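> Here is my input; please provide its structure:
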Amino acid sequence: MKILFTGMGSHHCKKPENVNFFSVIEKNLPSNATVTWESPNINWTKEDLDKYDQIFFGFSPPTALSSNKIYGALNLLGLIFDSPKLKLVVDSPQIWQYKNSISAILKNPDLLFTNFYSRRENYQTALKNKSIIEKAIAHMRVSEWPTIIYPGLPWNSNEKIYSALGFGNLEKFVGLNLDSSLISPEPPNISRQDYWALENPKSLWYQSLEKSIVFPAEASKVRRKTDDNYALNLIRGSVGLLLPPQDRTNIVWWNYRMIQAMNTSTPVATNWQDLYSFSSSWAVLAYQIEDMTPAQRQILASKQRNSYLESIPSAEESANILKNILIESFTKERM
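Below you'll find the model as predicted:
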């Protein structure tokens, strides 16, 4: 089975050094899958895509800065939007952007051709051949959307994510959780310091939370590049991980830092309102974690990990779910 990994952003087109949801999907593909990572080309034809049995397409908000492959990506969508082998993978860390971004280009496709985007790959070619882009946008307006895969979490549902994203067909949403293949606890680190590991210091949630906590916070991202090993060591030595929800939606979205916290027996503090109905261990407030002893924090982290693992498919089940998604669309493509 030949599979293409591509999409709107650079991280969709080249296997990343650090773990992200897109790379986790590739890790869990069947052993007979041959995967190609490639940037979408505005000159591709349908024949160029026919050689692939499946296409995993990273779908970002079209007007977002991260969508630097937008023109080639929209060409691809225009060619095979209605093909069963196309899977849109929603992995943007700012899901609230989708609704406004898609709505904007549907109303005015010329937004994609302002000077602001002139340095994007294939901009000049797209400017001279706007019909290529308009074809994809026309599909978004009137055609049935393809399968939409998003990172499934025990506290989220298809209905909840569909409402937040504001596009696609609810019956084609697939919340895919492959985290059992990533969770492998190490011996707890008892030598910790009084600081928080923090994902996204600029979040509105953290700016509000900062007033109620005592310990300082260290960002898990340094400079422009996030390094998984740096973040792991930071989390391993902290009292806990501060994991902000999405601004504007308050939805707690998938983040590899959460996996790293569970693997290092580090408790996670996040938006308790979103997770309380899932498990009370995931709804403990940051100041309450600060008041705990080191032993109590270890117990809390263990409860969080256990409740999470009990609520998601096993590694084998996850692999079978992904395999079934491939088989189903593979069969439809040949009907």
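> residue nearest the centroid of the chain?
Centroid-nearest residue in the chain: Asp91, 2.6 Å away (criterion: CA atoms, centre = their mean).
> Surely it touches Asn20?
Yes: Asp91 is within contact range of Asn20, at 6.7 Å (criterion: CB atoms under 8 Å). Glycine gets a C-beta too; all of them are placed from N, C-alpha and C.
> Number of residues surrounding Val35?
Neighbourhood size, Val35 [other CB atoms under 10 Å]: 16.
> for the nearest residue to it once chain neighbours are set aside, helix, strand, or coil?
Leaving aside its chain neighbours, Val35 sits nearest to Ile3 (5.0 Å; criterion: CB to CB, 6 or more residues apart in numbering). Recorded secondary structure, Ile3: strand (DSSP: H, G, I helix; E, B strand; the rest coil).
> what about Ile3, how many neighbours?
21.
> list the contacts for it?
By CB atoms under 8 Å, 6 or more residues apart in numbering, the contact set of Ile3 is 29, 33-36, 52-56.
> Which of those residues are buried, as a ChimeraX select command?
A single ChimeraX command is used to select the members of the contacts of Ile3 judged buried by 16 or more other CB atoms under 10 Å:
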select :29,33,35,52,53,54,55,56
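> Which members of the contacts of Ile3 occur in strands, if any?
34-36, 54-56 (DSSP state E).
> Pull out the buried positions in stretch 189-196.
Under 16+ other CB under 10 Å, the buried positions of stretch 189-196 are 189, 192, 196.
> how much space between the residue of the chain most remote from its centre and Val239?
What lies farthest from the middle of the chain is Thr293; by CA atoms, centre = their mean that is 33.6 Å. Thr293 sits at a distance of 11 Å from Val239 (criterion: CB to CB, to the nearest Å).
> Do I have it right that Pro146 meets Leu76?
No: contact criterion CB under 8 Å: Pro146 and Leu76 do not qualify, at 11.6 Å.
> Adding distance to Ala164, write the contacts of Ile3 out as JSON lines.
Output for the contacts of Ile3, formatted as JSON lines (distance: CB to CB, whole Å):
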{"residue": "Leu29", "distance to Ala164": "27"}
{"residue": "Ala33", "distance to Ala164": "30"}
{"residue": "Thr34", "distance to Ala164": "34"}
{"residue": "Val35", "distance to Ala164": "29"}
{"residue": "Thr36", "distance to Ala164": "31"}
{"residue": "Tyr52", "distance to Ala164": "30"}
{"residue": "Asp53", "distance to Ala164": "31"}
{"residue": "Gln54", "distance to Ala164": "26"}
{"residue": "Ile55", "distance to Ala164": "25"}
{"residue": "Phe56", "distance to Ala164": "21"}
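> And the contacts of Ile3, which is closest to Asn271?
For the contacts of Ile3, the residue nearest Asn271 by CB to CB is Phe56; the value is 29.0 Å.
> what about the helices in the stretch 51-200 of the chain?
Secondary structure of the stretch 51-200 of the chain (DSSP state H, counting those that start in this stretch): helices at 70-80, 96-107, 123-128, 130-142, 158-165.
> Please parse this protein into its domains.
2-177+314-333, 183-310 (automatic domain parsing).
> Quick check, Ile321 in contact with Gly175.
No: the criterion here is CB under 8 Å, and Ile321 misses it with Gly175 at 10.2 Å.
> If we ignore the residues flanking it in sequence, what's nearest Ser238?
Ala197 (4.2 Å).
> count of neighbours near that neighbour?
Neighbours of Ala197 (other CB under 10 Å): 27.
> That one and Phe59, how far apart?
Note on Ala197: its distance to Phe59, by CB to CB, is 29 Å.
> same thing with Ala231?
Look at Ala231 and Phe59: by CB to CB, they are 25 Å apart.
> Also Leu204?
From Leu204 to Phe59 the distance is 25 Å (CB to CB).
> next one: Leu178
18 Å.
> So which of these two has more stuff around it?
Phe59 (27 against 21).
> Please enumerate the strands of this structure.
Under DSSP E, the chain gives strands at 2-7, 34-37, 54-58, 86-89, 147-151, 173-176, 196-198, 217-219, 240-242, 268-269.
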